[in-house]
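1. Only the shape, not the letters, is given here:
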Ligand code: FES
Ligand code: FES
């Protein structure tokens, strides 16, 4: 059993020693936000926050989350109470298929938590590990700028 905090709530879940955190999140814990893209630390679709820092859930064992705090996109906002980033992505019509956005959102949220007024280069650097095969990068960057401005206001 592995016990950790998931989106602010304590959870305890069975996991094999080398079972990926992503597999446990999407399986036993029934969260569909973190996505399986490449499974090889190349796309960022699986990104979650571990103790506030972005991490590839496909590449870390669930056992390594023991005692730590894991946040998925579900922990940042909901349809009723969306995160500023989610509202901004909608306003900028930044998502097409949306497959990349869970990872983009958690990475951007970590950036805005440590840097409330990031410049373009900082946003690009934070999102650099994240691929968007729909080519929505420029709109996503505008959405992060919009969310940052709204969060500062
Ligand atoms: S699925 Fe984890 S980085 Fe692509
Ligand atoms: S919106 Fe489709 S992969 Fe980014």
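-> Happy to help now that I have it. All values reported here derive from a predicted model rather than from experimental measurement. Ligands and ions are numbered 1, 2, ... in the order given.
2. Centre of the chain to stretch 94-114, how far?
-> Centroid displacement of stretch 94-114 relative to its chain, using C-alpha atoms, centre = their mean, to the nearest Å, is 6 Å.
3. Could you give me the buried positions within that stretch?
-> 94-95, 99-112 (16 or more other C-beta atoms under 10 Å). All C-beta spots, glycine's among them, are computed from the backbone N, C-alpha and C.
4. And the strands in this protein?
-> 2-6, 9-13, 47-50, 53-56, 69-71 (DSSP state E).
5. Packing partners of the second one?
-> Contact analysis of strand 9-13 by 3 or more C-beta pairs under 8 Å, 6 or more residues apart in numbering; DSSP states H and E lists strand 2-6 as its packing neighbours.
6. just checking, what packs against the strand it packs on?
-> strand 9-13, strand 69-71.
7. 6 Å - rerun?
-> strand 69-71 (3 or more C-beta pairs under 6 Å, 6 or more residues apart in numbering; DSSP states H and E).
8. Can you give me the neighbour number for residue 118?
-> 18 (other C-beta atoms under 10 Å).
9. about what we covered before: just name the most buried of the strands of the chain.
-> For the strands of the chain, the largest average neighbour count (mean count of other C-beta atoms under 10 Å) is found in strand 47-50, namely a mean of 25.
10. who's in contact with residue 95?
-> 89, 101 (C-beta atoms under 6 Å, 6 or more residues apart in numbering).
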